[in-house]
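Student: Show me how the following folds:
(4 chains)
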Number of protein chains: 2
Amino acid sequence: MADLKLDQFLPYRLSVVSNRVSAAIATAYDRLFGLRIPEWRLIAVIAEGPGITQQALGVATRMDKVTVSRAAQALVERGLVARAPNEGDRRSHLLALTATGRLLYDQVAPKALELEAKVLEQLDAGERVALSAMLDRIEAAASEVAPEGVGAD
Amino acid sequence: MADLKLDQFLPYRLSVVSNRVSAAIATAYDRLFGLRIPEWRLIAVIAEGPGITQQALGVATRMDKVTVSRAAQALVERGLVARAPNEGDRRSHLLALTATGRLLYDQVAPKALELEAKVLEQLDAGERVALSAMLDRIEAAASEVAPEGVGAD
DNA sequence: GAAAAGTCGTTTCAGTTGAAACTATATCGC
DNA sequence: GCGATATAGTTTCAACTGAAACGACTTTTC
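Tutor: A predicted model of the protein is given here:
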């Protein structure tokens, strides 16, 4: 049997690194903007293309519809996002940033890119491309091994 | 301002991929061995070097001491791990695998490596080395940005 | 055109997590 | 030595998460 060292076990390494990065970003967003991760993810996607349903947001952010629902409510209550009736389908609404929301986004986005840059400046251009491609392939392989879900190790 | 697309944002990609991989592994372990991730992590580290305290396990697995405590209790109750008194320091115990635990480990470890292989077979040898090195550097950078913790994005 | 089946979003509930408080033991400072 | 401080591990509690049940609306089927 080949030797199993936790420290060299890819799923473990991936989980640890991801959690580290996530914690850094989550802390920064919360402190600077009072945003949780699900909220910030919604804002990022809504900014890309306004007039989007929660169901589409769930697909785009890979978050559960419950998480999307709660994040959307929080953003609406805070006046950052507005719901317009969806004439084509009255079960859903179309979400868009309010003026305030857009203002916040214009602050959040550069900050996000700045934080990402701090992490990415460890890698040269070629490495970044390679990393991205590897992540794609790893994700695809993992999806085959087990169908779905959010998990632990 | 440079464009921010969630899909290309590294912390998000990392989180999604890590969660995917984690979910795949967690499901497999639970189904095959009835082990949760914290439990399996403890087993892996205890197998590497028996006679270890929970505090050391926490460092080795980067898990909270509460998580370690609960996982250790579960393993002891299940008869997979035994606690020996630590003569040098009676606040702690020294944990080791029981015979049953060792037997289970001998099944779990190859399965873990097999699952990892399924994911890693997407990458050639050079890529694996590169990925590992990049993860190290990314983790280090993230640790600088924000000190500690487990998080979200 | 109305019953059956499906989908969007919310609410409820049970499980998991970690911060903080606590107990027991150990070490430090004098 | 012994009171003050620190550490190992457990328990408690509040927050977060997602599965399942639900309500509202839509589509399909006959």
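Student: which element is the nearest residue to A:T98 once chain neighbours are set aside on?
Tutor: Nearest in space to A:T98, with sequence neighbours left out and distances taken as CB to CB, 6 or more residues apart in numbering or on different chains, is A:A82 at 5.1 Å. Backbone N, C-alpha and C define where each C-beta goes, glycine included. Element membership for A:A82, per DSSP states H and E: strand A:81-85.
Student: how near is the residue nearest the centre of chain A to B:N19?
Tutor: Nearest to the mean C-alpha position of chain A, counting by CA atoms, centre = their mean, stands A:R41 at 4.5 Å. From A:R41 across to B:N19, the span is 13 Å (CB to CB, to the nearest Å).
Student: Get me the contact residues on chain A for DNA strand D.
Tutor: Contact residues, chain A versus DNA strand D (CB under 7 Å from any atom of the strand): A:36-38, A:63-64, A:66-67, A:70, A:89-91, A:149-150.
Student: Secondary structure element holding the closest residue to A:R36 other than its chain neighbours?
Tutor: Leaving aside its sequence neighbours, A:R36 sits nearest to A:D30 (CB to CB, 6+ apart; 6.6 Å). Using DSSP H and E, A:D30 sits within helix A:10-33.
Student: Flag every buried residue along that helix.
Tutor: Going by neighbour count (16 or more other CB atoms under 10 Å in any protein chain shown), the buried part of helix A:10-33 is A:10-30, A:33.
Student: any idea how far A:V76 is from DNA strand C?
Tutor: As judged by CB to the nearest atom of the strand, to the nearest Å, A:V76 and DNA strand C stand 8 Å apart.
Student: Next, the contact list for that residue, please.
Tutor: A:82-83 (CB atoms under 8 Å, 6 or more residues apart in numbering or on different chains).
Student: Quick check: which element contains it?
Tutor: helix A:65-77.
Student: Now do the buried residues in that helix.
Tutor: A:67-68, A:71-72, A:74-76.
Student: Out of the helices and strands in chain A, which is least certain?
Tutor: helix A:125-145 (a mean of 90; mean pLDDT, DSSP states H and E).
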